[in-house]
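Provide a 3D model corresponding to the input given below.
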Amino acid sequence: MRWQAHHALCDPAPGEGAYDIPAAKTRSWEQLLDWTAHLMEKSWLSHTDWDDFLRGVHRGGGRLVVASQTGTANP
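Next comes the predicted model:
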């Protein structure tokens, strides 16, 4: 499962059971760590690429994922 960032109004599949993480709540390392701890409690986390997401944040690559109009992700 690939994590994709979407503005609420641009979500290609609203109501599809997405897991919402407000961007405003992940702006600091402390907040990101807190969310990671929270997600680690979820049984489905091991089936995602959250670890790759965190590596992208660590490397400081700017924007991590942008959803195109076709719904595919671009790094």
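
give the buried residues for the longest helix seen in the chain.
Longest helix of the chain, by residue count under DSSP state H: helix 29-40. By neighbour count on 16 or more other C-beta atoms under 10 Å, the buried set for helix 29-40 is L32. No exception for glycine: its C-beta is placed from N, CA and C like everyone else's.

now do it: everything it contacts.
Helix 29-40 has contacts (C-beta atoms under 8 Å, 6 or more residues apart in numbering) with 21, 25-26, 45, 50, 54, 57.

so where do the strands sit in this structure?
For the chain, applying DSSP state E gives strands covering 66-67, 73-74.

just for the chain, where's the confidence low?
1, 60-75 (pLDDT under 70).

and the contacts of helix 29-40, which are buried?
26, 50.

so which of the contacts of helix 29-40 belong to helices?
Those of the contacts of helix 29-40 lying in helices (DSSP H): 50, 54, 57.

now those in JSON lines, with distance to M40?
Shown next, in JSON lines, are the ones in helices among the contacts of helix 29-40 (distance: C-beta to C-beta, whole Å):
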{"residue": "W50", "distance to M40": "9"}
{"residue": "L54", "distance to M40": "11"}
{"residue": "V57", "distance to M40": "16"}
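
re earlier: return the distance of the longest helix of the chain from the chain's centre.
Remark: helix 29-40 is offset 12 Å from the chain centroid, using C-alpha atoms, centre = their mean, to the nearest Å.

kindly report the same for stretch 35-47.
From the chain centre to the centre of stretch 35-47 is a distance of 12 Å (C-alpha atoms, centre = their mean).

with stretch 54-61 instead?
Distance of stretch 54-61 from its chain centroid, counting by C-alpha atoms, centre = their mean, is 12 Å.
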